[in-house]
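> here are the coordinates; sequence isn't available:
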């Protein structure tokens, strides 16, 4: 897994990942909709993967990288 | 270079694609949320109204079933139980019952002022609702609050219920929560989709674009970049002196070079290889030489094929000293034999190089400087040559002349001057040789040495050949009308003879001007007869058969075979001036000249001695049996008018 995320990109994904995963795990009942709960869980989990590895599967397949971005 | 810039990568293409995908996703999400929200709201309202309707019906039923005396108490008890119990939040509520012996109403959290404004609105609906005219219901918005109401207009009792709907708000909150989350997820999926799709499309489009750009900037045979690529690349690193765009200057400064060297390489024997072994062998040779040259270069240096057997090496940041080393290495590489069709072929090369910024400061001039140096190397057979300060001026002059060449032909600035050929015995003019002179508007009169190679390099040899023939025939026409029947001899380049329709062109012109073909003579330098012998030979025979006379020019200096010349049956053999010059003292030259005269006589041709400068030479030549000659002793080349005057009086030379 080659890193393809810029630290800023990674940080934003980390926050989003924690918020959404936390929401799905601890507050999922709020939505009263299991499908949405699962989707949010996946969304959060993928963002957490990005946080952990600095790698985004979608970027990987799309062949883009923000790693060396000058932003 | 407009064609290349069109093919340059469009960096915004991908961004555009992403933006389009995202905006589509955003608008779909928005439409979906709005419609879903409205659907949920409508559904909620309908349910609420339905429920209110039933509540009102229930009340009416209760009223109808109970005794009239205690109906009031029962209803109020019922209302208390249903609407104001502890399990439900008490909200805005108004109920009005009226009937025989009954007028009762209850109000909760609705001000009389609000009621006053609501009642007329309700009353107006009672007339409108035709299908359910005795049970109208509806929604009224007052002070940003939604009130739902139901009326039962029964025969005995009339009931009016007004309440705010907390259930509607609940439903909407409920739905909105899910909708927003769903939208986020949809948007997230759409972003994924947009990224993947855009990158996929981008890859495909740019791939094709790159392939096109590669085709446009690379030579298909050797795979090397071409001239278009080179000029583009050089324009990027060499700031254009004329281009003073302030915005781009920073960009250019960053890339601008301190120095660079440019080499023009021309293979010496490529044409011979092509002619002797065929084009396939020539192509193989080019590919192999290109490979070898490329191996000798480092990554920063670029090898470019600019056409035919010419290559350019562009080497940024290479000083003149380093260029000296490189050029020697290149010469060695070009001299190494190459195996083509199991034959070892060694094609030498002539290399010229120029240095940026000391020789030229723009790409085009830099190439021309190196080109000039290459031609110098070729002429001197020195292998390589650097563009030098001494020929810098000459180089500029060449540049200028090259640019002026267009006008020279179209404005007929190049004119024919004529030098008489005389009979040595009696000084009569037997013919004239036409020599091209460029009447340059600023540089004065220029001899062919200054412009002939420019014409050859700019690919206008054939155009120029026809130009000369046309001028000569027109001159013949003018002279004919004045009764002068002197033939004109013109000098043609061997490349002119490769022009397949030149003969047809000439004959058509001769017919048009009603000139006898024998009045035109074509002089070919001896060496030119030796290149591509078969082709030239058949062309010459065609001219000869058409009645046009032929002459071998500069005889004795070329390397052509005598057997070949003997078969050509030329009318004149012109002995080169180098033999005439100094013939008085040099016995070897005398031997050569007398042999040449004998040879000419035995071939059935007439010998003409060139470059006669004094009477001693003329007398000597007469003694040797040479009957004709030309040279400064008799007359220098002169304008058409001057020679015309001379021809009209049938002057005896030397005057």
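That came through, no problem. Just so you know, these numbers come straight off a predicted model, no measurement behind them.
> find the nearest non-adjacent residue to the residue in chain A positioned nearest to chain B, please.
Ranked by Cβ to the nearest Cβ, the top residue of chain A for proximity to chain B is residue A:62, at 3.9 Å. All C-beta atoms are positioned from the backbone trio N, CA, C, and that covers glycine. Taking Cβ to Cβ, 6 or more residues apart in numbering or on different chains, and ignoring the residues beside it in sequence, residue A:62 has residue B:199 as its nearest neighbour in space, at 3.9 Å.
> surely the one you found is in contact with residue A:60?
No. Counting by Cβ atoms under 8 Å, residue B:199 stays clear of residue A:60, with 10.6 Å between them.
> neighbour count: these two, which is higher?
More crowded of residue B:199 and residue A:60, by other Cβ atoms under 10 Å in any protein chain shown: residue B:199, with 19 against 13.
> can you list phi and psi of the residue of the stretch 201-350 of chain B found nearest chain A for me?
Closest to chain A within the stretch 201-350 of chain B is residue B:203: 6.9 Å, counting by Cβ to the nearest Cβ. Main-chain torsions, residue B:203, degrees, to the nearest 10: phi -60, psi -40.
> in this structure it contacts residue A:61, no?
No. Contact criterion Cβ under 8 Å: residue B:203 and residue A:61 do not qualify, at 11.6 Å.
> what residues are up against the residue nearest to residue A:62?
Shown in contact with residue B:199 (Cβ atoms under 8 Å, 6 or more residues apart in numbering or on different chains): A:62-64, B:14.
> now do the strands in the stretch 251-400 of chain B.
B:260-267, B:302-307, B:310-316, B:338-340, B:343-345, B:349-356, B:384-386 (DSSP state E, counting those that start in this stretch).
> and the last one, what other elements does it pack with?
In this case it means strand B:384-386. Packed against strand B:384-386, as judged by 3 or more Cβ pairs under 8 Å, 6 or more residues apart in numbering or on different chains; DSSP states H and E, are the following elements: helix B:320-335, strand B:349-356, helix B:363-380.
> which one of these is the most hemmed in?
Of all the helices and strands packed on strand B:384-386, strand B:349-356 carries the top mean neighbour count, a mean of 25, counting by mean count of other Cβ atoms under 10 Å in any protein chain shown.
> which other helices and strands contact that strand?
strand B:260-267, helix B:320-335, helix B:363-380, strand B:384-386.
> want to throw the ones you listed into CSV with mean pLDDT and distance to residue B:286?
What follows is the helices and strands packed on strand B:349-356, written out as CSV (pLDDT from 0 to 100; distance: least, Cβ to Cβ, whole Å):
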stretch, mean pLDDT, distance to residue B:286
strand B:260-267, 90, 8
helix B:320-335, 88, 12
helix B:363-380, 84, 17
strand B:384-386, 85, 20
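> for those, which one sits closest to residue B:49?
helix B:363-380 (82.2 Å; Cβ to Cβ).
> quick check, distance from the closest one to the centre of its chain.
Counting by Cα atoms, centre = their mean, to the nearest Å, helix B:363-380 is centred 24 Å from the centre of its parent chain.
> next one: stretch B:206-213
14 Å.
> residues of it that come out buried?
Going by neighbour count (16 or more other Cβ atoms under 10 Å in any protein chain shown), the buried part of stretch B:206-213 is B:206, B:209, B:213.
> and stretch B:154-174, by the same measure?
Those would be B:154, B:157-165, B:167-168, B:171, for stretch B:154-174 by 16+ other Cβ under 10 Å.
> looking at those, spot the one nearest chain A.
Once Cβ to the nearest Cβ is applied, the member of these that ends up nearest chain A is residue B:171, at 12.5 Å.
> wait, that closest one touches residue B:40, no?
Yes. Using Cβ under 8 Å, residue B:171 is in contact with residue B:40, at 6.0 Å.
> which neighbours do those two share?
Applying Cβ under 8 Å, 6+ apart, one finds that no residue jointly contacts residue B:171 and residue B:40.
> closest point of the stretch 151-300 of chain B to chain A, which residue?
Taking Cβ to the nearest Cβ, the stretch 151-300 of chain B has residue B:199 as its residue nearest chain A, at 3.9 Å.
> can you name the secondary structure element that comes next after the strand or helix carrying that residue?
Residue B:199 is part of helix B:166-217, with elements assigned from DSSP states H and E. Following helix B:166-217 in sequence order, the next helix or strand is helix B:227-237 (DSSP H and E).
> so for that following helix, what's the average pLDDT?
Averaged over helix B:227-237, pLDDT sits at 84.
> can you give the distance of it from its chain's centre?
Helix B:227-237 sits 11 Å away from the centroid of its parent chain (Cα atoms, centre = their mean).
> could you give the angle of that helix to strand B:302-307?
140 degrees (axes from the mean of the first three to the mean of the last three Cα atoms, to 10 degrees).
> in helix B:227-237, what's buried?
B:227-234.
> now the helices: where do they sit in chain A?
A:7-27, A:34-53, A:57-62 (DSSP state H).
> mean pLDDT and distance to residue B:655 added to these, as a markdown table?
Shown next, in a markdown table, are these (pLDDT from 0 to 100; distance: least, Cβ to Cβ, whole Å):
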| stretch | mean pLDDT | distance to residue B:655 |
| --- | --- | --- |
| helix A:7-27 | 86 | 96 |
| helix A:34-53 | 85 | 102 |
| helix A:57-62 | 79 | 91 |
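> with distance to residue B:506 added, can I get the ones you listed in JSON lines?
Putting the helices of chain A into JSON lines (distance: least, Cβ to Cβ, whole Å) gives the following:
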{"stretch": "helix A:7-27", "distance to residue B:506": "77"}
{"stretch": "helix A:34-53", "distance to residue B:506": "81"}
{"stretch": "helix A:57-62", "distance to residue B:506": "68"}
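> just want the most central residue of chain A.
For chain A, the residue sitting closest to the mean C-alpha position, by Cα atoms, centre = their mean, is residue A:47 at 1.1 Å.
> just checking, that residue touches residue A:14?
Yes. With contacts counted by Cβ under 8 Å, residue A:47 reaches residue A:14, the gap being 7.2 Å.
> contacting residues around residue 20?
Let's take chain A. Contacts of residue A:20 (Cβ under 8 Å, 6+ apart): A:40-41, A:43-44, A:47.
> wrong one, I was asking about chain B
Going by Cβ under 8 Å, 6+ apart, the list of residues near residue B:20 reads residue B:194.
> surely it is in a helix?
Yes. Assessed with DSSP: H, G, I helix; E, B strand; the rest coil, residue B:20 lies in a helix.
> give me the next element, helix or strand, following the host helix or strand of residue B:455.
In the assignment (DSSP H and E), residue B:455 maps to helix B:448-457. Next helix or strand after helix B:448-457 toward the C-terminus (DSSP H and E): helix B:461-481.
> now that next one: average pLDDT?
On average, helix B:461-481 scores 91.
> that one packs against which elements?
Using 3+ Cβ pairs under 8 Å, 6+ apart, helix B:461-481 is in contact with helix B:390-410, strand B:414-423, strand B:429-440, strand B:488-491, helix B:494-497, helix B:502-512, strand B:520-525, helix B:640-648.
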